[in-house]
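*Asks:* Output the structure for:
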Amino acid sequence: MQGTGKPWLLWIAVVWIALWGLTPEVFAQGDLLACRTDIPIVIDGHLSDLPWQLAENLVIDDTTPATWLEQGTFTVDGPRPKGPGDAALRMKALWNEDYLYIALDVIDDSVVTDQIVGSLREQDSVEIVIDPSGTGAERRALIFALETAAGNGPWFSIPGARIGAVLKLGGAVGQIRPLGYTAEIAIPLAAFAKAYNSSIAPGQAFGLEVRLNDVDYVPDPGGEGVIRQVRRMTWTGNPMVMEWGTTPQYGTLHIVPSLVGR
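*Replies:* So this is what the prediction gives:
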């Protein structure tokens, strides 16, 4: 006797599963999706705009498998970060017809804003390396650092670009808060194209690596007061890659055509 089930339900289930499997899994763990936003972003450093609440995170902390805690050459010898409460970063990205937006939400138990002339990497800062080709040949770093104690406000640097024009047309604003700081960055697409020799358009993908630099003053092991210590935490997007500057093996920034939250 033949069953009296409803095979069409099975077909619907199969198709639904297939489509579901094709949508979220197209992008790997080491990818950051920059969705489109049709809601204006106010660059005030507070991350309160609705699109940021809907955007996905890239996470750097002491427990994320894709976070490399650098030691040796690039790092003043010292202990590992004590945990996410000592140093951690959530980064998001959005875009529209005029700007590429970046949000930084940094947890830091001791925000240091003193100025080290000539080296933003030796301060509390975030380095965002974008490589249009994904081969490592066109890597350029965008660096955000807080230097409010020196009276300079936040620094925002793209080597090879006219930074004054970038700041005039876009903006970079940071806010120090208890146990950390936040920042919003707006990069005009025209300035991005000039700096990176590549335009932003739906469907494009760029090589991406992100580094969190955490400065702390810690007791000198020799008993001579305190020493200034810099620890670097790098998002590799790949738990198997634990080194800096290997963009082809790192994560990817995808420019997604769909609206954020959809």
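
*Asks:* quick one: the helices in this protein?
*Replies:* In the chain, the helices defined using DSSP state H lie at 7-22, 50-54, 163-169, 189-196.

*Asks:* So Ser198 sits against Gly207, correct?
*Replies:* No. Ser198 is not in contact with Gly207 according to C-beta atoms under 8 Å; the separation is 11.0 Å. For glycine as for every other residue, the C-beta is placed from the backbone atoms N, C-alpha and C.

*Asks:* Which one's more surrounded, the two?
*Replies:* Gly207 (24 against 16; other C-beta atoms under 10 Å).

*Asks:* The more buried one touches Arg140, doesn't it?
*Replies:* No. Checked against C-beta under 8 Å, the pair Gly207 and Arg140 is beyond contact range at 10.7 Å.

*Asks:* which residues are common contacts for those two?
*Replies:* 129-131 (C-beta atoms under 8 Å, 6 or more residues apart in numbering).

*Asks:* related to what we said a few turns ago, got any residues that touch both of Ser198 and Gly207?
*Replies:* Pro132.

*Asks:* Backbone dihedrals for Ala201, both of them.
*Replies:* phi -150, psi 150 (degrees, to the nearest 10).

*Asks:* in the stretch 101-250 of the chain, which ranges drop under the pLDDT threshold?
*Replies:* For the stretch 101-250 of the chain, applying pLDDT under 70 flags the ranges 115-119, 134-139, 147-171, 236-250.

*Asks:* the strands in it, which residues?
*Replies:* 125-131, 140-145, 155-157, 171-177, 180-188, 205-219, 226-235 (DSSP state E, counting those that start in this stretch).

*Asks:* The last one vs strand 205-219, what angle?
*Replies:* Angle, strand 226-235 to strand 205-219, by axes from the mean of the first three to the mean of the last three C-alpha atoms, to 10 degrees: 160 degrees.
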